[in-house]
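Chemist: Predicted model follows, preceded by the sequence.
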Amino acid sequence: MNDDQLNKLFTAARQATPDTERTEVAFETRLFARLREQRQAAVPWFAWTWRLAPVFAAIVIALGVWNFTAPTDPLADLVGDASDEAALVAMLTGE
Amino acid sequence: MSAQTGEPTDDRLIQSTLAGDDEAFAALVQRHKRRIFGIAARFTRNDHELDDLCQEIFIKAYRQLGKFRGDAPFEHWLTRVGVRTCYDHLRKTRHDRDAVALDNIELPTTDNIEPRRAREVLDFALAKLSAEERLVITLLELEERTVREIAELTGWSESNVKVRAFRARQSLKKILEIHHER
């Protein structure tokens, strides 16, 4: 195929303008129905904060309960304190 | 549209739409839908697909209306939104288009090829091109836009548009030759 043939094809195809009249009927109605659908489906971000409130409350309660009921090891605290103190002395004296 | 005819201008309708008046946007749609349908029809295969694509274009325009600065006519801005949405549509449906079939291709040798047949032959061949090539050649040859206009509509450089148009023509010729020989 040469350029001349291709140009003739384009010229002829240009005359076949697509008839869109049928699809245009009541287009606005369909468009706004879709827009309304999308608006209803869209949940603003701050709506999620309220939905997550019970989850946050449950986490706070669980942490509070754990804080009071978790077993503590006094020996571990003593050892921790002693080693911290030794490290501080070593740093200050340069040993 | 001017206020002389008693109809509100595009700018007035845009302001009302931004203030939450859906009726104003409906008036804008009514005013400009013919042009958008005309463009979108070049890239779709049936009425259902055309309706869907046009809805996408106007929804995108509705959502981006706040970005319209008014330094060019609304029609130009809307056409740009339309062309870019058509391009996205072409990219998304690229693989579906390979299935487009045509019984037999008769290459035109005379000036009086039937327009509808020419359109069918071209639709078949255009479906084999990349989204970029199809968009450029459609706007250039069927919509008769200039290279500068296409560059503005697509956001590509003018030299890029020229290169893509050249490649698209070469590809089209090759595709039509191959299928003519079969």
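Modeler: Looks like it arrived, so ask away. Numbers count the residues shown, from 1 in each chain, chains lettered A, B, ... in the order given.

Chemist: Just give me the neighbour total for the closest residue to B:Pro73 other than its chain neighbours.
Modeler: Using Cβ to Cβ, 6 or more residues apart in numbering or on different chains and skipping residues adjacent in sequence, the residue nearest B:Pro73 is B:Asp10, 7.3 Å away. (C-beta placed from N, C-alpha, C; glycine too.) Around B:Asp10 there are 21 other residues, counting by other Cβ atoms under 10 Å in any protein chain shown.

Chemist: What helix or strand is B:Ser171 located in?
Modeler: helix B:158-181 (DSSP states H and E).

Chemist: Okay, and the residue lying closest to B:Arg167 once chain neighbours are set aside sits in which element?
Modeler: In space, and not counting its chain neighbours, B:Arg167 is closest to B:Glu133: 6.0 Å by Cβ to Cβ, 6+ apart. Assessed by DSSP H and E, B:Glu133 sits inside helix B:131-137.

Chemist: Show the average pLDDT along the following helix or strand past that helix.
Modeler: Next helix or strand after helix B:131-137 toward the C-terminus (DSSP H and E): helix B:147-154. Mean per-residue pLDDT for helix B:147-154: 96.

Chemist: Show me which residues of helix B:147-154 are buried.
Modeler: Using 16 or more other Cβ atoms under 10 Å in any protein chain shown as the test for burial, helix B:147-154 gives B:147, B:149-154.

Chemist: Now do it and helix B:158-181, the angle between them.
Modeler: Helix B:147-154 and helix B:158-181 meet at an angle of 100 degrees, taking axes from the mean of the first three to the mean of the last three Cα atoms, to 10 degrees as the criterion.

Chemist: and helix B:147-154, what does it pack onto?
Modeler: Contact partners of helix B:147-154 among helices and strands, from 3 or more Cβ pairs under 8 Å, 6 or more residues apart in numbering or on different chains; DSSP states H and E: helix B:74-92, helix B:131-137, helix B:158-181.

Chemist: With adjacent residues omitted, what lies nearest to B:Ile39?
Modeler: Nearest non-adjacent residue to B:Ile39 (Cβ to Cβ, 6+ apart): B:Gly82, at 5.3 Å.

Chemist: Quick check: buried residues in the helix holding B:Glu133?
Modeler: B:131-137.

Chemist: Widest-spaced pair of the residues you listed?
Modeler: Across these, the longest distance by Cβ to Cβ is 11.3 Å; it joins B:Ala131 and B:Ile137.

Chemist: okay, now B:Ser16: neighbour count?
Modeler: B:Ser16: 17 surrounding residues under other Cβ under 10 Å.

Chemist: from what I can see it touches B:Ala24, true?
Modeler: Yes. Taking contacts as Cβ atoms under 8 Å, B:Ser16 lies within contact range of B:Ala24: 3.5 Å.

Chemist: any residues in contact with both of these two?
Modeler: With contacts defined as Cβ atoms under 8 Å, 6 or more residues apart in numbering or on different chains, the residues shared by B:Ser16 and B:Ala24 are B:Pro8.

Chemist: for the buried residues of helix B:147-154, which one is nearest B:Gly20?
Modeler: The closest of those to B:Gly20 turns out to be B:Leu153 (Cβ to Cβ; 29.8 Å).

Chemist: how about that closest one, what does it touch?
Modeler: B:79-80, B:83-84, B:139, B:145.
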